[in-house]
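Colleague: Return a 3D structure for these sequence lines:
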Amino acid sequence: GEDIWPKRYAIWGRLVAAQPDQIAYIVFDASSLELFMPSLFPPIQAGSIGELAEKLGLDPAALGATVDGFNAAVRPGTFDDRILDDCRTEGLDPPKSHWARRIETAPFYAYPVRPGITFTYLGTRVNRDARMIMADGRPAANMFAAGEIMAGNVLGRGYAAGIGMTIGAVFGRIAGREAARNARN
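Modeller: Predicted coordinates for the structure are as follows:
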């Protein structure tokens, strides 16, 4: 709930990677089902939190206590999934600052999530001409890079959705121009 998903989803991967077995669960209830973007895979569904825990391979008492603790921390507000609303929690670490609603209406759902590789963060460096920088720090004579292989070097620790495509398009044009120039020489 820190900000809208296009600004945060890349950071979630790092947070999930820090969890035991690098897995986390998005747990929600019937009142939130239609708020998600369409998924290739349906959520796991159950009639109770305990049953949901069993389907996820989690301790039912632990998941029940987690959901109860979350529900107790929710402070009412005016829910609006299109803006940073005032629905929040108190007493949780980290706090949920927007879109906090109690998880209480059956059926209950969950998506197991794991981190994925989006970019080769700091894997391939390039200069402003999209020329690859070699291990000795010098530009390559005839190698250029654009897109996923180098975008992480531009982005640092997170990004808004779609910015990787922009970087790929910009550096793709630069790399193509420079490769053509190199080939003519």
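
Colleague: Now tell me what touches the helix ranked longest in the chain from outside.
Modeller: Counting by DSSP state H, the longest helix found in the chain is helix 163-184. Residues outside helix 163-184 that contact it (C-beta atoms under 8 Å, 6 or more residues apart in numbering): 118-119, 126, 128-131, 141-142, 144-148, 150-151, 154-155. From N, CA and C alone the C-beta is placed, and that goes for glycine too.

Colleague: That helix: how far from the chain's middle?
Modeller: 27 Å (C-alpha atoms, centre = their mean, to the nearest Å).

Colleague: Domain map for the chain?
Modeller: The chain breaks down into these domains under the TED database: 7-113, 131-184.

Colleague: model confidence over the first one, on average?
Modeller: Taken as a whole, domain 7-113 has an average pLDDT of 92.

Colleague: Next step: the contacts of helix 163-184 restricted to strands.
Modeller: 131, 141, 142, 144 (DSSP state E).

Colleague: of those, closest to residue 76?
Modeller: Minimum distance to residue 76 across the ones in strands among the contacts of helix 163-184 is 54.9 Å, recorded for residue 144 (C-beta to C-beta).

Colleague: show me the contacts for the closest one.
Modeller: Taking C-beta under 8 Å, 6+ apart, one finds 126, 129, 130, 131, 132, 175, 176, 178, 179, 182 in contact with residue 144.

Colleague: Apart from its neighbours in sequence, what residue is nearest it?
Modeller: Nearest residue to residue 144, sequence neighbours excluded (C-beta to C-beta, 6 or more residues apart in numbering): residue 175, at 3.9 Å.
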